[in-house]
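Visitor: need a 3D model of the sequence below.
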Amino acid sequence: MNKNVLALIAGAAALCMMTAGCSSQTADNTTATATEGATSAAAATTAAAAAAEEEPGWQDDDMAYLSGIKASDYVELPDGYKHQEVEAAKPKDPTDEDVEKRIEAVLQSNGTLEEVDRKVEEWDTVNIDYVGKIDGKEFEGGSGNYDLVIGSGTFIEGFEDGLIGAKKGEKLDLNLKFPESYPAADVAGKDVVFTVTVNKISDYKLTDDFVKSLNLTNAFGQAVTDVSTFQEYVRSNMIEENEAAYTWTVRHQIDNRLLETCTFKQDIPENMLESYYFQYQNYLNNAASASYMDLPTYMQRQYGATQDNYETMIHDFAKQGAQLGIIYQAIADERELNPTAEEIQGAIGEYVKADTTGLKADDLDRFIKEYIRDELVSNRVRSWLYENCKVTEPEDDSEEKSDEDASASETSEENTEDASAGNSSSDNAENADTGSSAEDSGEGQTADSAAAHEN
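Guide: Below is the predicted model:
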């Protein structure tokens, strides 16, 4: 399976309505899922209208939408798809150190540095002058003045740790070695002495006033107003992130198995492929603009595309997204998971209700209504697959190694069975309120599989 294709499907919701599909809740929450993208309704409508002018054929064609085809005519589901076996490590609660690091990240993003009169500690910001010498001679780029965050890993290994415990005004020599893989070949692998002068030690203060300035609200709707409740808030968010990452990993493995084991009996309708292409092209254009890049540059940075093949790559993304959509629809048909007309109208109503532009249900064109319907289907199917799969813990590498050592005298057949026990995959998650980021991802995060309608 092309991992570039799957990586995009992991991060892209259809068009620019970023409807999240990674919750482990059941179909009762699918209406709320459709609502999450309502703030982008006007943009989505405009984009769809523009596409209709450029491609007048596909938007009004029944076969451009999943509701207009019989999914089982296109795909054959594998036996046993209900009880898929996947491997994922159960989410762990964050440690006190994890919480502290997250809080430090928030402080560095939003706080104000204050000079402190003490020795250097981890996460301090230290203004330093430094001079680097190799074989007693200064080398280019090895000297300067810098505000260094201790623990950030900005300088080579040993540099930042060597400053812990130093005082303002202190001058010290750090005897270090550049890593063999260092980008500058003229210094890679060489011994170096950095003479460092500590000019100023600063730190971010975590205070009640700082917490209040963030204007945070916890899961119970209560304002987060002091250090203690902020620490609880951060810990709670990290627990949710870990649980979301676990769900993400499980669902992506399920999707990957479906893509590998389902058999397509005929080509996907061309108008449907055009519809999915429009969705992904708009998503990628928006992502590129948000990153201050043009589309070819963004595709090169994120997916390794070239000027010659990035358009082909988007078409590949569209095909994969359409395949997953048809698979979900086939499962929904077989397992009676399709939403009723009343449920679809309810989701559309919630979508419009959450919009802030004065949008009305009658203003929505067919493209957006079909998108909302497809979100209901895909979320129900993915939740059903998640609830019915079998998840096993990956074997710990050290335990596996010990087992192999202990069984060295056993038969070759037994050794082979021990060695083929399994592997694992995992991904991270992101929480905007506390400034965390795993990226991408990704976070970042390289997906083994994903859903076409997941953000």
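Visitor: measure stretch 289-303 end to end?
Guide: 16 Å (C-alpha to C-alpha, to the nearest Å).
Visitor: ah, wrong one, I meant stretch 214-233
Guide: End-to-end span of stretch 214-233 (C-alpha to C-alpha): 12 Å.
Visitor: starting at the chain centroid, how far to that stretch?
Guide: Centre-to-centre, stretch 214-233 and its host chain are 24 Å apart (C-alpha atoms, centre = their mean, to the nearest Å).
Visitor: also stretch 124-131?
Guide: 34 Å.
Visitor: now stretch 366-381
Guide: For stretch 366-381, the distance to the chain centre is 22 Å (C-alpha atoms, centre = their mean).
Visitor: just the buried positions in it, please.
Guide: 367-381 (16 or more other C-beta atoms under 10 Å). All C-beta atoms are positioned from the backbone trio N, CA, C, and that covers glycine.
Visitor: the closest residue to residue 184 other than its chain neighbours: how many residues sit nearby?
Guide: Nearest residue to residue 184 in three dimensions, chain neighbours excluded: residue 141, at 7.2 Å (C-beta to C-beta, 6 or more residues apart in numbering). Residue 141: 10 surrounding residues under other C-beta atoms under 10 Å.
Visitor: so where is the protein shaky, pLDDT-wise?
Guide: 1-56, 397-455 (pLDDT under 70).
Visitor: picking up where we left off before, which other helices and strands does the host helix or strand of the residue nearest to residue 184 contact?
Guide: Per DSSP states H and E: residue 141 is located in strand 137-149. On a contact count with 3 or more C-beta pairs under 8 Å, 6 or more residues apart in numbering; DSSP states H and E, strand 137-149 meets strand 125-134, strand 191-204.
Visitor: repeat that for 7 Å
Guide: Here strand 137-149 touches strand 125-134, going by 3 or more C-beta pairs under 7 Å, 6 or more residues apart in numbering; DSSP states H and E.
Visitor: note down every partner strand of the strand it packs on and its orientation.
Guide: Strands that pair with strand 125-134, judged by DSSP bridges, come out as strand 137-149 (antiparallel), strand 191-204 (antiparallel).
Visitor: chain center to the longest one, what's the gap?
Guide: The reference is to strand 191-204. With C-alpha atoms, centre = their mean as the basis, the mean position of strand 191-204 lies at 35 Å from the chain mean.
Visitor: which residues are contacting the next helix-or-strand element following it?
Guide: Next along the chain after strand 191-204, taking DSSP H and E as the criterion, comes helix 208-213. Here helix 208-213 makes contact (C-beta atoms under 7 Å, 6 or more residues apart in numbering) with 111, 224, 225, 226, 227, 230.
Visitor: now with 8 Å?
Guide: Here helix 208-213 makes contact (C-beta atoms under 8 Å, 6 or more residues apart in numbering) with 107, 110, 111, 224, 225, 226, 227, 229, 230.
Visitor: as TSV, the residues you listed with distance to residue 118 and neighbour count would be great.
Guide: Shown next, in TSV, are those (distance: C-beta to C-beta, whole Å; neighbours: other C-beta atoms under 10 Å):
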residue	distance to residue 118	neighbour count
107	17	18
110	23	13
111	18	18
224	28	20
225	28	15
226	24	13
227	20	14
229	27	16
230	23	23
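Visitor: out of the strands paired with strand 125-134, which comes closest to residue 267?
Guide: strand 137-149 (54.4 Å; C-beta to C-beta).
Visitor: okay, buried residues for that closest one please.
Guide: Those would be 139, 142, 148, 149, for strand 137-149 by 16+ other C-beta under 10 Å.
Visitor: next SSE after it?
Guide: Counting by DSSP H and E, what follows strand 137-149 is helix 159-163.
Visitor: for that next one, list the C-alpha coordinates in PDB.
Guide: What follows is helix 159-163 as a C-alpha-only set of coordinates in PDB (Å, rounded to 0.1, in the frame of the first residue of the first chain):
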ATOM      1  CA  PHE A 159      26.100  21.000  25.800                       C
ATOM      2  CA  GLU A 160      22.800  21.900  27.600                       C
ATOM      3  CA  ASP A 161      23.300  19.400  30.400                       C
ATOM      4  CA  GLY A 162      26.800  20.800  30.900                       C
ATOM      5  CA  LEU A 163      25.300  24.200  31.800                       C
END
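Visitor: what is it packed up against?
Guide: strand 171-177, strand 191-204.
Visitor: list the buried ones in the last one?
Guide: Meaning strand 191-204. So, applying 16+ other C-beta under 10 Å, buried residues of strand 191-204: 192, 194, 196, 197, 198, 201, 203, 204.
Visitor: list just the nearest of the residues you listed to residue 346.
Guide: residue 204 (46.5 Å).
Visitor: and that closest one, what does it touch?
Guide: Applying C-beta under 8 Å, 6+ apart to residue 204 gives the contacts 104, 107, 108, 111, 112, 113, 114, 123, 125.
Visitor: so what's residue 138 bridging to?
Guide: Beta-bridge partners, per DSSP bridges, of residue 138: residue 133.
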